[in-house]
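> Just need the structure, nothing else, for what follows:
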Amino acid sequence: MDCDLKFRNLHSEDEVHVAHPLEVAGYSEEEAASLEGMLYRFKHAPHLFMGAFDSTGELSMSTHDSKGTTVCVHSVCVAPQQRRQGIASRLLGAYTESIKQYNAREGEKVIERLAMLSREDLVPMYRRAGYTCLGQSGIVHGTEKWYDCVLCL
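Predicted structure coming up:
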């Protein structure tokens with residue numbers, strides 16, 4: 001496992017361009033976010049867009065309601081050759097901690113929960129990260145069944 005990873009918010013649109021191929025590698029064609037969609041998320045909510053970076057600074061990772069209290073995690077992607085090393089779990093932990101710190105800086109619980117859709121095979125990983133699986137989602141995205149997962153802060 002690479003212990004030199006740093007988890008931080010993305011700093012530029014260039015980093016979003018580097019993250020997009022990970023999105024494409026992690027999801028089927030109909031499920032992967034478009035580059036335009038990822039750039040939109042970055043532009044409107046940069047404090048919610050995190051990646052994993054190695055010691056050289058390389059990145060390993062349709063509307064925004066600025067008053068919303070739930071953050072929808074759109075993607076957790078790890079390069080295929082680096083999967084099953086705990087990176088996604090560590091990224092989720094770092095992301096959750098960054099949201100808690102954001103709430104602390106604001107002096108109130110601005111963000112009350114994190115929510116995501118998960119494929120069935122990944123539900124155990126999200127449970128280990130503290131998420132609760134609410135069951136099969138009513139949302140249809142691509143051909144797989146999706147499950148609603150939430151983490152109350």
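
> Helix or strand: which one has residue 25?
helix 13-26 (DSSP states H and E).

> Buried ones in that helix, by neighbour count?
15, 16, 18, 19, 20, 22, 23, 24, 26 (16 or more other Cβ atoms under 10 Å). Glycine gets a C-beta too; all of them are placed from N, C-alpha and C.

> Residue 140 and residue 30: what is the separation?
10 Å (Cβ to Cβ, to the nearest Å).

> looking at the protein, which helix or strand is least sure?
Of all the helices and strands that make up the chain, strand 50-53 has the lowest average by mean pLDDT, DSSP states H and E, namely a mean of 78.

> State the pLDDT value of residue 85.
Looking at residue 85, its pLDDT stands at 93.

> quick one: it is in a strand?
No: Residue 85 is assigned coil when assessed by DSSP: H, G, I helix; E, B strand; the rest coil, not a strand.

> how deep is it tucked in, by neighbour count?
Around residue 85 there are 13 other residues, counting by other Cβ atoms under 10 Å.

> quick one, phi psi at it?
Dihedral angles of residue 85 (phi, psi; degrees, to the nearest 10) stand at phi -120, psi 10.

> and what of residue 44?
Dihedral angles (degrees, to the nearest 10) for residue 44: phi -90, psi -20.

> Now for it, how many residues are close by?
For residue 44, using other Cβ under 10 Å, the count is 13.

> ok, now how distant is it from residue 140?
25 Å.

> do the same with residue 126
20 Å.

> Looking at those two, which is more packed in?
In this view residue 126 and residue 140 are compared by other Cβ under 10 Å, and residue 126 has more residues nearby, 23 against 9.

> re the thing from before, for the least confident helix or strand of the chain, which residues meet the burial criterion?
By neighbour count on 16+ other Cβ under 10 Å, the buried set for strand 50-53 is 50, 51, 52, 53.
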